[in-house]
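Q: Okay, here's the prediction I keep looking at, along with the sequence it came from:
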Amino acid sequence: MKLNPKVYKQLTGEPFETQNANGKIIEFHYMNDTPFLFQFASRGRFAIWTSDGNNYKVLIESKYYEALKDFYQPEVNLIWLSFLERVGALSKKINMWFIIPTFLLYIVVAGVATMVFKEQTLAILLGMIVLVVISNMIQGRLVNKKVREENKVAQDKIRGFLGNERFDGLVKSQEDHYQEYFKFNEEAVVENEQLIENENSDEDKSEDKDGTESN
C-alpha cells in the first residue's frame, strides 16, 4: 500500500535509524531536518508514516521520538505495519464494492435515459449525481468505521506487548509533549506580538516628536 508517496520520495537524506521488519525496511527521518516540520507539527502530527508500496519511512519530530521511543521499537512497528496493511486492503475492498457498481449503474441509467427518456435526461443524470454523492458518503463512513476498529485492535496488541503501565506512561508522555510543543509556540506568538506593539509604540512616539517640531 502506498502511503504519502510524495513525502516518501522527498525523504532522500540519511536516516537516523533503520529497522528490518519481516523483510520490509523502515527508515526513520527527523522531521526537524525537513521542510515538513511546520506543515505537520503545527497540526499536531508529529509522526508521519510513508511508503512506496513496499518499504516504509517514518517522518518524526525529534523530541517526540525521544519521548516515545518504545512506541517505535521493532516489535511494536510490526504490529503497526500489520494494521496499515490491513487497513489498506480493507479500504481497497470497500472502495471496489461501491465504485464499480455505482459506475456501472450510472452508465446504464445514462444510456437508457438518453435513448428512452430524452426529455427527462437532465433530471435523471442529476439524480444519479446525488446518488453518487450519497454512495461516497456511505463509503467514507464505512471505511472510517473499519479503520477505527482495526486501530483499536492494534492498540490492544501494543498494550499487551508493552504492558498497561508502560503503555499508559507513553500516552501520558505523548500528551505532555503535545502540551509543551504548543506552549512553546504560544510563547513565541506572544513575544512577536509584544515586539510589534513595541515597534508601533516607538513609531507613535517618533510621529509625536516630528509633529511637535513642525508646529
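A: Now that the structure is in, tell me what you want to look at. Numbering: from 1, shown residues only.

Q: Contacts for stretch 128-142, please.
A: Contacts of stretch 128-142 with the rest of the structure, by C-beta atoms under 8 Å, 6 or more residues apart in numbering, involve 94-95, 97-99, 102, 105-106, 109-110. C-beta: built from backbone N, CA, C; applies to glycine.

Q: which among these end up buried?
A: With burial judged by 16 or more other C-beta atoms under 10 Å, the buried subset of these is 94, 98, 102, 106, 109.

Q: so of the residues you listed, which ones are in helices?
A: Counting by DSSP state H, these place 94, 98, 102, 106, 109 in helices.

Q: Assign a three-state SS to the residue nearest to the third one when sequence neighbours are not counted, would you?
A: Ranked by C-beta to C-beta, 6 or more residues apart in numbering and with sequence neighbours excluded, the top spatial neighbour of Thr102 is Ser135, at 5.0 Å. Of the three states, Ser135 takes helix under DSSP: H, G, I helix; E, B strand; the rest coil.

Q: tally of neighbours for Ser135?
A: Counted with other C-beta atoms under 10 Å, the neighbours of Ser135 add up to 16.

Q: swap in the one 10 residues further on?
A: By other C-beta under 10 Å, 11 other residues sit near Lys145.

Q: any idea which element it lies in?
A: helix 121-162 (DSSP states H and E).

Q: Is it correct that Phe28 falls within a strand?
A: Yes - the assignment for Phe28 is a strand, going by three-state DSSP.

Q: tell me the contacts of it?
A: By C-beta under 8 Å, 6+ apart, Phe28 lies in contact with 15-19, 57-58, 60, 65, 72.

Q: What is the nearest of those to Gly163?
A: Checking these against Gly163 by C-beta to C-beta gives Tyr72 as the nearest, at 16.7 Å.

Q: Read off the pLDDT value for the closest one.
A: Reading off the confidence values, Tyr72 has pLDDT 93.

Q: That one and Tyr56 touch, don't they?
A: No - look at Tyr72 against Tyr56 with C-beta atoms under 8 Å: they stay out of range, at 11.5 Å.

Q: Neighbour count for these two, which is higher?
A: The residue with more neighbours, out of Tyr72 and Tyr56, is Tyr56; 22 against 18, by other C-beta under 10 Å.
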